[in-house]
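In: sequence first, then the predicted structure, then my questions.
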Amino acid sequence: MTTRSFTSALLGGALATCLALPAAAGNPLDIGFVYQSPVSDVGWVAVHESARKQLEKEFGNRIKTRVVQDVKVGPDGARVMRDLVGSGSGLVVLGSFGYMNDGLKLAADNPATQFVHASGFKQAANFGTYNARWYEGAYVVGMVAGKVTKSNKLGYVGAIPIPDVVATINAFALGVKRSNPAATVTVVWVNEWFNPGSEREAAGALIQQGADVIGSGFQDNPAVVAAADAKGVWSVGMFSDLRKSAPQKLLTSITHDWTPHFRQVVTDTLAGKFKGAPYMGTLKNGGVGLLEWNAAVPPDVVAMAKTAQADIASGKLVPFAGPLKDNTGKVRAAQGAAVPDAEIAGMNWFVEGIQGALPR
């Protein structure tokens, strides 16, 4: 495995750009991973890295992997993708929503190369997507947060307001409302995936406003939960086990695992059977999970959470079921109905109970 930083040398064309040809018989499948943030021990990229390392163990010399980290969306990202394809990658993992359009264009130009893209909603014959219903876990966490708050003020630090992030925050707020109708949720956006300084400031601002539970909304580091822990405030982590950074007050983390899906993608690619299709991780299939609850959470609240988690997995409990209004009063789902999956995939509105508006 070769790990590469995003350097001017790479961008300068250290890798030739050309139409990729299938790997010759006996040659390992070259897999390129492109990340929007630096590689670290926790967070979004860390979950990808865990899956990548597991693939190397399982497939051995049948594959080789390369990593390009801290790649910004736009011209830099497009160039890195082209360089990977041009230097022989037969499978490219695009680990950020913003890589979608450049990735699709490259896939169209290189039909012999397969791509999988995080959080996207567009597919092609050689361009699949992978995503997860983090909102299922967030709904359960919201129910617990509504029980442990004393101020009835909760906060969420949002990264970038793409639908996945919005849906997760909305589900958290709906879970809060289910267990504590008097509570409200305030959201602060930092508009970056990785900016520990801004994330700490956002968490601090919410705490100053009286929030005593703070959610970390897709940050690729533990800054939010660490800031909350330092103030003795409950927090909700994302992606990884963040107890080292918030040893006292982390309620839980909403986690996911890409390994089973990536394993299937690699298997299909090696067999020449890759199909560009969507994958969705859920509580039911194990693609989404929750870290064990903080020991200070009352047993009856933990039992409530476990029941809700099982009910969501079975389909008995639907997080975005009606009657449901947004925070402007518009009806989004009538009684007996639910917000359709297609609308959740493009969610750009806040539910009732969230204070504030989405950036436009």
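Out: That came through, no problem.

In: count the neighbours of G336 for me.
Out: Counted with other CB atoms under 10 Å, the neighbours of G336 add up to 8. Just so you know, the C-beta spots here come from the backbone N, C-alpha and C atoms, and that holds for glycine as well.

In: swap in Y279?
Out: Y279, neighbours per other CB under 10 Å, totals 18.

In: CA-only coordinates of the helix or strand harbouring it in CSV, if you can.
Out: Using DSSP states H and E, Y279 sits in strand 278-281. Extracted C-alpha coordinates of strand 278-281, given in CSV (Å, rounded to 0.1, in the frame of the first residue of the first chain):
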residue,chain,number,x,y,z
PRO,A,278,-26.5,2.1,-5.0
TYR,A,279,-25.7,0.5,-1.6
MET,A,280,-27.4,1.6,1.6
GLY,A,281,-26.2,0.7,5.0
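
In: next secondary structure after that strand?
Out: Downstream of strand 278-281 (by DSSP H and E), the next one is strand 288-290.

In: what does the next helix or strand after that next one contact?
Out: Once strand 288-290 ends, the next helix or strand along the chain (criterion: DSSP H and E) is helix 299-314. Outside helix 299-314, the residues that touch it by CB atoms under 8 Å, 6 or more residues apart in numbering are 136-137, 139-141, 143-144, 147-148, 175, 179, 282-284, 290, 293, 317-319.

In: before we move on, the earlier item: check which helices and strands the strand holding Y279 sits against.
Out: With contacts defined as 3 or more CB pairs under 8 Å, 6 or more residues apart in numbering; DSSP states H and E, strand 278-281 has these neighbours: strand 127-132.

In: CA atoms only: put the strand it packs on into CSV for me.
Out: Extracted in CSV, the C-alpha atoms of strand 127-132 (Å, rounded to 0.1, in the frame of the first residue of the first chain):
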residue,chain,number,x,y,z
PHE,A,127,-20.1,4.1,-11.3
GLY,A,128,-21.8,2.9,-8.1
THR,A,129,-22.7,4.7,-4.9
TYR,A,130,-22.5,3.8,-1.2
ASN,A,131,-24.4,5.5,1.6
ALA,A,132,-25.9,4.9,5.0
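
In: just how off-centre is that strand within its chain?
Out: In terms of CA atoms, centre = their mean, to the nearest Å, the centre of strand 127-132 is found 11 Å from the chain centre.

In: which residues does Y135 contact?
Out: The contact partners of Y135, taken as CB under 8 Å, 6+ apart, are A167, T168, N170, A171, P319, F320, I344.

In: at 6 Å what do you get?
Out: A167, T168, A171, P319 (CB atoms under 6 Å, 6 or more residues apart in numbering).

In: state the distance from A183 to S245.
Out: 25 Å (CB to CB, to the nearest Å).

In: count the neighbours of W293 for me.
Out: A count of nearby residues for W293, using other CB under 10 Å, gives 18.

In: and V213, by the same measure?
Out: 30.

In: try I63
Out: The burial count for I63: 21, using other CB under 10 Å.

In: touching, D220 and D41? I think so.
Out: No: counting by CB atoms under 6 Å, D220 stays clear of D41, with 11.3 Å between them.

In: neighbour-wise, which of these two wins?
Out: Between D220 and D41, D220 has the larger neighbour count (other CB under 10 Å), namely 28 against 13.

In: contacts only, for the more buried one.
Out: Taking CB under 6 Å, 6+ apart, one finds S37, G43, W44, V45, W193, F194 in contact with D220.

In: those residues into JSON lines, with extra columns for pLDDT?
Out: What follows is the contacts of D220, written out as JSON lines (pLDDT from 0 to 100):
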{"residue": "S37", "pLDDT": "90"}
{"residue": "G43", "pLDDT": "90"}
{"residue": "W44", "pLDDT": "93"}
{"residue": "V45", "pLDDT": "95"}
{"residue": "W193", "pLDDT": "91"}
{"residue": "F194", "pLDDT": "91"}
